[in-house]
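Chemist: Sequence plus the predicted model coming up.
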2 protein chains.
Amino acid sequence: MRDWLRLLHTPGLGPRRVARLLEAFGTPAAALQADARAWAAAGAGGSPCEGGDVAVREAGVDADLEWLESDPRHFILTRDDPDYPPLLAQLPDPPPALYLVGDPAMLRRPQIAIVGSREATPQGLRIAERFARSLASAGLTVTSGLARGIDAAAHRGALSGPGGSTVAVVATGPDRVYPSAHRRLAHRVADQGLMVALWPTGTAARSGHFPQRNRVISGLALGTLVVEAALRSGSLITARLAAEQGRSVYAVPGSILSPLSRGCHRLIQEGAQLVESPDDILEDLAEWLGVGGRSSDPAPPPDDAASLDPEHERVLTLMGFDPVSLEELLQRTGLTVETLSSILVLMELNGRVASLSHGRYQRLDAGTHTT
Amino acid sequence: MRDWLRLLHTPGLGPRRVARLLEAFGTPAAALQADARAWAAAGAGGSPCEGGDVAVREAGVDADLEWLESDPRHFILTRDDPDYPPLLAQLPDPPPALYLVGDPAMLRRPQIAIVGSREATPQGLRIAERFARSLASAGLTVTSGLARGIDAAAHRGALSGPGGSTVAVVATGPDRVYPSAHRRLAHRVADQGLMVALWPTGTAARSGHFPQRNRVISGLALGTLVVEAALRSGSLITARLAAEQGRSVYAVPGSILSPLSRGCHRLIQEGAQLVESPDDILEDLAEWLGVGGRSSDPAPPPDDAASLDPEHERVLTLMGFDPVSLEELLQRTGLTVETLSSILVLMELNGRVASLSHGRYQRLDAGTHTT
């Protein structure tokens, strides 16, 4: 273990070069014995630590080991460990070590990655949460990146159902949380699921870490679901990595007027599967799941029977599914401001409608119109 | 002509059996000379009119001919006419005759069918109208069924642009309008485009007519675009007929919470092309369109040429897609209150901007946002 960590703490060595060293020398110990010339011959470049660098490296290794021993739920899983996730091992240059906080058994379960925009709409967040909850209840572990927006909704959704489990892959060391606002969520994930860090203790989030983090999210999972993504976004990159890795890509469509649906639509045009419900994914991944684990919900159910008032229904119908201003809604419904406002407040309480910024409203529930 | 009409007015003869008679006997006259036994041998069943039926038939033929001569814009186009639309002639059992009101030249232009729900959402109607307007401006004739909802929006959109043309295929005789609320629209279509009826004068709408009408809508067009459709709907049937006829099928995605997007999503899952903008269709049909006829807009064009003013464009860009106050917009644009207000009023009249409460404004058109 110590030699693995020494390799990880050698300045400038990323997963690709570590992989080349291991291929050339067999073990971390042998790689560390070799000199700079042998490293260059192995295509790994750089050089083993010498002089003062050794002290810095050993301090980093000590910090990792101290972290490892400080809690029975801390683990470091190296590439040669039989518990190293087999799907991840299939990637070219898989991460040499995973820093884990929580239950490592999560890595042996079939995983579905759920990713999407940090700036998701209320509807997008709700969809991510519902898919995550439903897929987690059906036996899939929901893997995401602990980011704001869709990622957080996916983790929360997975944890909200009975027996649901989730894995968060983060772009920091295992002792840091990014974004810091997600500290509580990170603790819940570690308590009920698993946090996976790709960098040593003390490593802060760096923009250069995110591509590698995205590659591991898709690499751990059987398939990647994208819920709301702009055209040029990390989520699209994750989805394309999943496709390159030979995994399934699923995308949730949305209004063509919404810039946050463009990424999903592009993926569908490129061959991703359009999904409307968790069952679309469960059917596709059926071979990986026990039959008993199947969800049978065709669509998310309405939140409250009380909101079935016909006048409320009429307002919902006239509302459509895109954000709409109060003015527009007044025109469409012909109601007075007072009546409409009180209906909207009630439906907001029921969770059927979200109040957006600037006095706009958006329908949140699935409609029941079937003709 | 008279013999063609006699065949059409023979009780119980539909397009399929008329096609078999023509195949067996060559001409309507020859078919009418043959007896019931010869008809059965031809696989057409039924029998030529005899006795009292002849009088009924001749009265129907007289009514058709009277209708034909009553207006220079009335036509009856039989299958043997060189002007019979070649794409329609490719179908098995094409309609033996088309009753036309308007400009028959429409049938020689490349057509795109736009169909969808009668109960469309406001967004769906707007999308249908914009696609129709944009595609019609690019040189495609927009074909639909004059029904409520998406059909009517498609006809209106096509007629709203410069040089836009439209064809309505109806499930009645050429002297009837269904639904009657669309009388004015039907007249506009006949004035600026073409009405196509598949049944003789005096025929009212019957539910049994709609499948045949749908088949002709998709059969006339190079491709069929579906904008909002429920899972079990005539629009889906039209789209599947288009696919069977070897034509392109396009579908507009929407919120997975909207039942009226389910049909479109199903079509995409079955292989239809997901389209976000008219250009997706124009690119697909490029070979059928002159280069000059192509639209180069990545998104539906503005509603009024006046709004192409670069200053207007700049204001729209700075506006973004969320509601924004006049103050904020003054800051962003650096314009005077007078100039900005007059631009906003013009763009509001053009339908590109909505004025919200508290002096806020919101962009209504689809943006050209590409990041």
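Modeler: Alright, I've got the coordinates.

Chemist: which residues touch A:Glu244?
Modeler: A:Glu244 makes no contacts at all, as judged by CB atoms under 8 Å, 6 or more residues apart in numbering or on different chains. Placement of C-beta: from N, CA and C, glycine included.

Chemist: Read off the pLDDT value for it.
Modeler: On the pLDDT scale, A:Glu244 is placed at 91.

Chemist: From A:Gln90, how far out is it?
Modeler: For A:Glu244, the distance to A:Gln90 equals 12 Å [CB to CB, to the nearest Å].

Chemist: where do the strands sit along chain A?
Modeler: Under the criterion DSSP state E, chain A contains strands at A:74-78, A:97-102, A:111-116, A:141-144, A:166-170, A:194-197, A:223-227, A:248-252, A:273-274, A:324-325, A:353-355, A:360-363.

Chemist: The last one pairs with which strands, parallel or anti?
Modeler: Sheet pairing here is set by DSSP bridges, and for strand A:360-363 it gives strand A:324-325 (antiparallel), strand A:353-355 (antiparallel).

Chemist: what separates it from the chain centre, distance-wise?
Modeler: 27 Å (CA atoms, centre = their mean, to the nearest Å).

Chemist: before we move on, the earlier item: most packed of the strands of chain A?
Modeler: For the strands of chain A, the largest average neighbour count (mean count of other CB atoms under 10 Å in any protein chain shown) is found in strand A:111-116, namely a mean of 32.

Chemist: Ok, which of the strands paired with strand A:360-363 comes nearest B:Gly193?
Modeler: B:Gly193 lies closest to strand A:324-325 among the strands paired with strand A:360-363, at 32.4 Å (CB to CB).

Chemist: Now do that closest one: distance to the chain's middle.
Modeler: Taking mean C-alpha positions (CA atoms, centre = their mean), strand A:324-325 and its chain are 31 Å apart.

Chemist: Quick one: the strands of chain A as JSON lines, columns for mean pLDDT too.
Modeler: Output for these, formatted as JSON lines (pLDDT from 0 to 100):
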{"stretch": "strand A:74-78", "mean pLDDT": "96"}
{"stretch": "strand A:97-102", "mean pLDDT": "96"}
{"stretch": "strand A:111-116", "mean pLDDT": "97"}
{"stretch": "strand A:141-144", "mean pLDDT": "98"}
{"stretch": "strand A:166-170", "mean pLDDT": "97"}
{"stretch": "strand A:194-197", "mean pLDDT": "97"}
{"stretch": "strand A:223-227", "mean pLDDT": "97"}
{"stretch": "strand A:248-252", "mean pLDDT": "97"}
{"stretch": "strand A:273-274", "mean pLDDT": "98"}
{"stretch": "strand A:324-325", "mean pLDDT": "85"}
{"stretch": "strand A:353-355", "mean pLDDT": "81"}
{"stretch": "strand A:360-363", "mean pLDDT": "84"}
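
Chemist: burial measure for the residue nearest to A:Arg266 when sequence neighbours are not counted, as a count.
Modeler: Leaving aside its sequence neighbours, A:Arg266 sits nearest to A:Leu231 (CB to CB, 6 or more residues apart in numbering or on different chains; 6.2 Å). As a burial measure, A:Leu231 scores 15 neighbours (other CB atoms under 10 Å in any protein chain shown).

Chemist: Okay, now stretch A:232-250: how far is its last residue from its first?
Modeler: Criterion CA to CA, to the nearest Å; first-to-last residue distance in stretch A:232-250 is 17 Å.

Chemist: my read: A:Gly202 touches A:Asp175, true?
Modeler: Yes: counting by CB atoms under 8 Å, A:Asp175 is a contact partner of A:Gly202 at 6.7 Å.
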